[in-house]
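# I'd like to go over a predicted model; first the sequence, then the structure.
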Amino acid sequence: MANELRFLISVTLPLLVGGLSGFATARGVREWYPSLSKPPFNPLSWVFGPVWTLLYVMMGVACYLAWQKGWDNEVVRIALVLFLVQLTLNGLWSILFFGMQSPGLASAEILVLWLFIAATIVCFWRVSPVAGILMLPYQAWVSFAAVLNASLWILNR
């Protein structure tokens, strides 16, 4: 597969998951989320879009860098499978939290997501340290999101 196509797939896939998640949960974001009691560290709503867009692009570049090392490499294959699993869990979180309006279930799921991101980082790092580094801001943001998610669950039970 040509490098350009590999890059396009790698960057588009996370953006597509983010876009589909946003579309699937737009009503909850507009109607339900504003009604919740929020902790003092809750970011302004406009922050989420730019942050997630940047993180999805960084994730895509990380995926591309790992994929460049060759599908025949077992660690690359494992890393890319982990990447796809964590990306699926990323999309599922939005559905659980905003679509199903279930902060408790989303709190449990985000812990699983966090573990898969960590495993992806380890594998990416083994094949391309830059790919591993590019995933670190995502891990940090999901760590923050997990605390925010749990706080919203506790405040709104």
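The structure has been received and is ready for your questions.

# pLDDT of the strand or helix carrying residue 75, averaged?
Assigning secondary structure by DSSP states H and E places residue 75 in helix 74-94. Helix 74-94 comes out with an average pLDDT of 97.

# quick one: average confidence on whichever helix or strand comes after that helix?
Next helix or strand after helix 74-94 toward the C-terminus (DSSP H and E): helix 103-127. Looking at helix 103-127 alone, the average pLDDT works out to 98.

# same for helix 103-127, what does it pack against?
helix 45-67, helix 74-94, helix 129-155 (3 or more C-beta pairs under 8 Å, 6 or more residues apart in numbering; DSSP states H and E). From N, CA and C alone the C-beta is placed, and that goes for glycine too.

# buried sites along that helix?
Residues 103-107, 109-110, 113-114, 116-117, 119-121, 123-127 are the ones in helix 103-127 that count as buried (16 or more other C-beta atoms under 10 Å).

# chain center to stretch 8-21: distance?
11 Å (C-alpha atoms, centre = their mean, to the nearest Å).

# what does that stretch rub up against?
Defining contact as C-beta atoms under 8 Å, 6 or more residues apart in numbering, one finds that stretch 8-21 is touched by 52-53, 56-57, 59-61, 63-64, 67, 87-88, 90-91, 94-95.

# go again using 6 Å as the cut-off
52, 56, 59, 60, 63, 64, 87, 91, 94 (C-beta atoms under 6 Å, 6 or more residues apart in numbering).

# Stretch 38-46 now?
Contacts of stretch 38-46 (C-beta under 6 Å, 6+ apart): residue 151.

# Please report the distance of the spatially closest residue to residue 145 that is not a sequence neighbour from residue 81.
Of all residues not flanking residue 145 in the chain, residue 110 sits nearest, at 6.5 Å (C-beta to C-beta, 6 or more residues apart in numbering). Distance, residue 110 to residue 81, by C-beta to C-beta, to the nearest Å: 20 Å.

# can I assume the residue nearest to residue 145 is in contact with residue 146?
Yes - with contacts defined as C-beta atoms under 6 Å, residue 110 counts as touching residue 146 at a distance of 4.7 Å.
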